[in-house]
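K.L.:
Generate a structure from the sequence data that follows.
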Amino acid sequence: MAALTPTVLPDVSAPAAPAGRPRRVRVWRGVVLVVAALYFITPLLASFVFTVNDPAEGFTLDAYGEIFSAEGFVQSLLLSLGLAVATIVVVLALTLPAMLAVRLSAPRLRPVMEVVCTLPLVVPPITFVAGISTVLRWGPDYLATTPFYQTIIAIQNPAFPVVLVIADVVLALPFVYRALDSGLGAMDVRTLVEAARNCGASWPHVMFRVVIPNLKSGLASASFLTLALVLGEYTVARLLGFQPFSVWIVTISGANAALSVAVSIFSLLLTWLLLLVLSTAGTRQRSGS
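P.N.:
Purely as a prediction, here's the structure:
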């Protein structure tokens, strides 16, 4: 009688190893990264060399030491930060409830709202500021006998020009809409809102305790984009005669070019730092959820 030997069946679940095929080396990825790094780093490096290279003294960091003591630096930076905070609050207060109302009650109006919110992208800034200046000139002439006259004057106060907040809200609307639309699309808004309402929550409670905590990443992205836009906006502020941070940098360049370049590098590094913090916060939130 023949002896029975056990047969070892092959493991079909394990993937077959490639038969000596060499691993492809994607050299083009490194080339693209090197070219992109050179494209972005070379101007920054040239600007830094310009600020630290004095023909008389050689290497010096005096331009960076004069940043915080320069005349008008603190006032213009605080003005831009105040305008940025006000713009973020206003644009989010206008956009988020409208987007929620359209998603929950009138989904067919989403294309209309998208077109309206992205319309500022197709309007040239020169045309936009020309319209604003025309309205501001027309107001005092035709509204002098009405209560709106003082309103037209008040929104042009150089200490805090509200007219720049209004203009920045319009300019930031497309970016805020895209950021919030991506955040709302990543969660089931209707289910969350209906569950909260069935539990007896009021609409303010739904907004601040249900929607906003689940939309932190989108709100952070919208806030950062608005902050970057306000800090870098020049055309509207310059043509209307105000001096926020961006206009101050251009103004100071005529008297001290090295200082203006040093301030530009400082503001760019600060913006990158905020972007890094935002990206880290968004990554932690996605990992936690």
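K.L.:
For the chain, which residues score under the pLDDT cut-off?
P.N.:
Scanning the chain for pLDDT under 70 picks out 1-25, 140, 278-289.
K.L.:
what about the helices in it?
P.N.:
For the chain, the helices defined by DSSP state H occupy 27-52, 62-65, 73-105, 110-118, 125-142, 148-154, 162-185, 189-198, 203-206, 212-214, 216-232, 235-240, 245-253, 257-288.
K.L.:
could those helices be laid out in JSON lines, adding mean neighbour count?
P.N.:
(Each C-beta comes from the backbone N, C-alpha and C, glycine too.) What follows is these, written out as JSON lines (neighbours: other Cβ atoms under 10 Å):
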{"stretch": "helix 27-52", "mean neighbour count": "11"}
{"stretch": "helix 62-65", "mean neighbour count": "16"}
{"stretch": "helix 73-105", "mean neighbour count": "18"}
{"stretch": "helix 110-118", "mean neighbour count": "14"}
{"stretch": "helix 125-142", "mean neighbour count": "13"}
{"stretch": "helix 148-154", "mean neighbour count": "14"}
{"stretch": "helix 162-185", "mean neighbour count": "20"}
{"stretch": "helix 189-198", "mean neighbour count": "14"}
{"stretch": "helix 203-206", "mean neighbour count": "13"}
{"stretch": "helix 212-214", "mean neighbour count": "14"}
{"stretch": "helix 216-232", "mean neighbour count": "20"}
{"stretch": "helix 235-240", "mean neighbour count": "19"}
{"stretch": "helix 245-253", "mean neighbour count": "19"}
{"stretch": "helix 257-288", "mean neighbour count": "14"}
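K.L.:
Residue nearest the middle of the protein, spatially speaking?
P.N.:
Leu225 (0.6 Å; Cα atoms, centre = their mean).
K.L.:
thinking Met113 is in contact with Met99, fair?
P.N.:
Yes. Between Met113 and Met99 there is a contact at 7.1 Å, judged by Cβ atoms under 8 Å.
K.L.:
Quick check: neighbours shared by these two?
P.N.:
Tyr177 (Cβ atoms under 8 Å, 6 or more residues apart in numbering).
K.L.:
residue contacts, Phe59?
P.N.:
Contacts of Phe59 (Cβ under 8 Å, 6+ apart): Val52, Asn53.
K.L.:
what bridges to it?
P.N.:
Per DSSP bridges, the residues bridged to Phe59 are Asn53.
K.L.:
Return the residues in contact with the residue lying closest to His205 once chain neighbours are set aside.
P.N.:
Nearest non-adjacent residue to His205, counting by Cβ to Cβ, 6 or more residues apart in numbering: Ala196, 7.1 Å away. Residues near Ala196 by Cβ under 8 Å, 6+ apart: His205, Val206, Arg209, Val210.
K.L.:
where's the first one relative to Leu92, distance?
P.N.:
Counting by Cβ to Cβ, to the nearest Å, the separation of His205 from Leu92 is 18 Å.
K.L.:
cool, and the third one?
P.N.:
Arg209 sits at a distance of 17 Å from Leu92 (criterion: Cβ to Cβ).
K.L.:
Equivalent analysis for Val74, please.
P.N.:
27 Å.
K.L.:
what do you get for Ala186?
P.N.:
Taking Cβ to Cβ, one finds Ala186 at 17 Å from Leu92.
K.L.:
Without its sequence neighbours, what residue ends up closest to the residue nearest to the centre of the chain?
P.N.:
Using Cβ to Cβ, 6+ apart, the nearest residue to Leu225 is Phe175, at 4.2 Å.
K.L.:
how far is stretch 202-210 from where the chain is centred?
P.N.:
Relative to the chain's own centre, stretch 202-210 is displaced by 25 Å; criterion: Cα atoms, centre = their mean, to the nearest Å.
K.L.:
Other residues contacting stretch 94-111?
P.N.:
So stretch 94-111 is contacted by 113, 117, 169, 173, 176-177, 180-181, 184, 189-190, 193, 207, 211, 215, 219, 222 (Cβ under 8 Å, 6+ apart).
K.L.:
Recalculate using a threshold of 6 Å.
P.N.:
Met113, Val176, Leu180, Val189 (Cβ atoms under 6 Å, 6 or more residues apart in numbering).
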